[in-house]
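Participant: Show me how the following folds:
(chains A and B)
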Amino acid sequence: MAQSKNFDPVTAWQQLVGQWERQINDAAAGVSGTEEFAGTMNQAAKLSFAARKALDETMERMAQSMQLATHAQMISVIERLDRIEEHLQTIAAALAPADRQAAAREPKRTRRPTPDGGA
Amino acid sequence: MSTSAEALDPAALAARVKTEVDRAIQRNIKGLDFLTAPRARVGAMPSDQLLRRGTLSLHRYRPVVDEVYRRPLLIVSPPSNKGYIFDLASGQSFIEYMLLRGYDIFLLDWMPPRADEAHLALEDYLLDFIPTCVAKVRELSGEPDLTLSGYCMGGTLAVMYAAIDDTAAVANLLCFTTPVDFAPMRLFRTWADAGHFDVDRLVDSLGNVPPELVLGAFDLMRPANRTAGMLNLWTNMWNDDFVRSYRMFDRWAAETLPMPGGYFRQLVKQLLWDNALVEDRMEVGGRPVRLAAVSAPILSIVAEHDHVVAREAAAPLLDRTSSTECEEIISKGGHVSVVAGPGAVKRLWPSIDAWLGKRSL
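Facilitator: Got it, this is the predicted structure:
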């Protein structure tokens, strides 16, 4: 009876979801932990990667025939920009050494914990 | 015991109905906001990038107190995840918590590896990246030693580095859900079984291992989590704090990083297949990596409901090293809740501060 007084539909719903989640996860773990499942999954992954590779190659050929940049070329440009950014950061650091700036505001390294163990 | 009349108190029932109707309206309004909102903002504390070299990115968080502990704290993020999980938002940021308690904090974070970094391997992490960052921390702090910390595989890298460190730089090890014994990770071992998982072919054809593979494995471990998460999100859509927190965690999970193929190949072969670290067969760059060579004090934090790294996977940290000061904290919650979330602020992080404070002098 006390339960019915405190009945909260939202809490009950959340408990139901939690219970469903646990049950599904437990059941799935029983299946996915088997050698058979792992073998099938890896076979499917192999096929999926092969299909993706084939699709990438087809798209690349299409992009080339339409005189558009391919995905690989775009990635290459992004990575080159990334390297340029890296070099710029190195140059900026050399021009205004962060070390010196940091040293100027270095805190004292003398802190000790409070008697209860914390800071 | 209550009566049925109390249970059906019209005033209470009306108030309850009103609340639920309000929330239903809020859900619809905020649900639309959620669908159209830009990426969640993450990061509570200001930091400076000290080093950037390919996938390596070293940051120092700006101290927020005038007096810090002598020993700096260097945190190693797992190579498959962004390090902002340590600093999601004010009020649930490990970095913020520790800065306020006087720690000088450095974070070794990772950028997505480029195609030309697919060859990166444990040798690069343990003999180049981590030593480079340790040297930088020593140089900047002027201190000879530090506390090395890591989360998940970042912790494994930290432990392995401590085992081969010949500079005596590692004064303490703070390990968050750190696997060293891979035998208890049964699902991962079954899925990556050498009988049907051709890691060489995968790495040779892909270069860097795409994040979808890692995310797919985590989803497969707990297939109902995503749906249950969405249902819980909808139930709590009226609650701004819940939604904000959900979006930040969701962004972090979605931004799982690709892994360098060379590193992934070694993880599978040496750790999952051979369990070489705990079996004393691990070698990196021709150097033996032995748990017994780790002598620094260790605090190992594991989570009660961690479905990724079980307590047994981290257990050898307590009894297979040479450290005479090993402690374990079993935290409530799951794999991520030890490094982020409001729960850790109240329970776990004060214990970490109490343990580390007296070892940071």
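Participant: tell me which strands and helices the strand or helix carrying A:Ala72 is in contact with?
Facilitator: Using DSSP states H and E, A:Ala72 sits in helix A:71-95. Counting contacts by 3 or more C-beta pairs under 8 Å, 6 or more residues apart in numbering or on different chains; DSSP states H and E, helix A:71-95 is packed against helix A:35-65, strand B:47-53. For every residue, glycine as well, the C-beta is placed using N, CA and C.
Participant: Who are the contact partners of B:Arg27?
Facilitator: B:Arg27 makes contact with B:Trp234, B:Met237, B:Trp238, according to C-beta atoms under 8 Å, 6 or more residues apart in numbering or on different chains.
Participant: Export those to a markdown table and append columns for pLDDT.
Facilitator: What follows is those, written out as a markdown table (pLDDT from 0 to 100):
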| residue | pLDDT |
| --- | --- |
| B:Trp234 | 84 |
| B:Met237 | 83 |
| B:Trp238 | 81 |
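Participant: Who wins on neighbours among these?
Facilitator: Neighbour counts for the contacts of B:Arg27 peak at B:Met237, which has 22 neighbours (criterion: other C-beta atoms under 10 Å in any protein chain shown).
Participant: Can you tell me what sits against the helix holding A:Ala72?
Facilitator: With C-beta under 8 Å, 6+ apart as the test, helix A:71-95 has contacts from A:56, A:59-60, A:63, A:69, B:49, B:52-54, B:111, B:114-116.
Participant: Then stretch B:51-61?
Facilitator: Residues contacting stretch B:51-61 (C-beta under 8 Å, 6+ apart): A:86, A:89-90, A:102, B:45-50, B:79, B:83, B:87, B:95, B:99, B:104-114, B:117, B:120, B:129, B:132-133, B:136, B:140, B:260.
Participant: Equivalent analysis for stretch B:137-146, please.
Facilitator: Stretch B:137-146 has contacts (C-beta under 8 Å, 6+ apart) with A:99, A:102-103, A:109, B:50, B:60, B:70-74, B:104, B:106, B:134, B:168-171.
Participant: What's the ChimeraX syntax to select whichever of the contacts of stretch B:51-61 are buried?
Facilitator: Of the contacts of stretch B:51-61, the buried ones can be selected in ChimeraX as follows, counting by 16 or more other C-beta atoms under 10 Å in any protein chain shown:
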select /A:102 /B:45,47,50,79,83,87,95,99,104,105,106,107,108,109,110,111,112,113,114,117,120,129,133,136,140,260
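Participant: Keep only those of the contacts of stretch B:51-61 that are in strands.
Facilitator: When DSSP state E is applied, these are split such that B:Ser47, B:Asp48, B:Gln49, B:Leu50, B:Ile105, B:Phe106, B:Leu107, B:Leu108, B:Asp109, B:Trp110 fall in strands.
Participant: would you list these in TSV and tack on distance to chain A and pLDDT?
Facilitator: Output for the ones in strands among the contacts of stretch B:51-61, formatted as TSV (distance: C-beta to the nearest C-beta, whole Å; pLDDT from 0 to 100):
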residue	distance to chain A	pLDDT
B:Ser47	11	91
B:Asp48	6	89
B:Gln49	7	87
B:Leu50	6	90
B:Ile105	12	97
B:Phe106	11	98
B:Leu107	15	97
B:Leu108	16	97
B:Asp109	14	96
B:Trp110	14	96
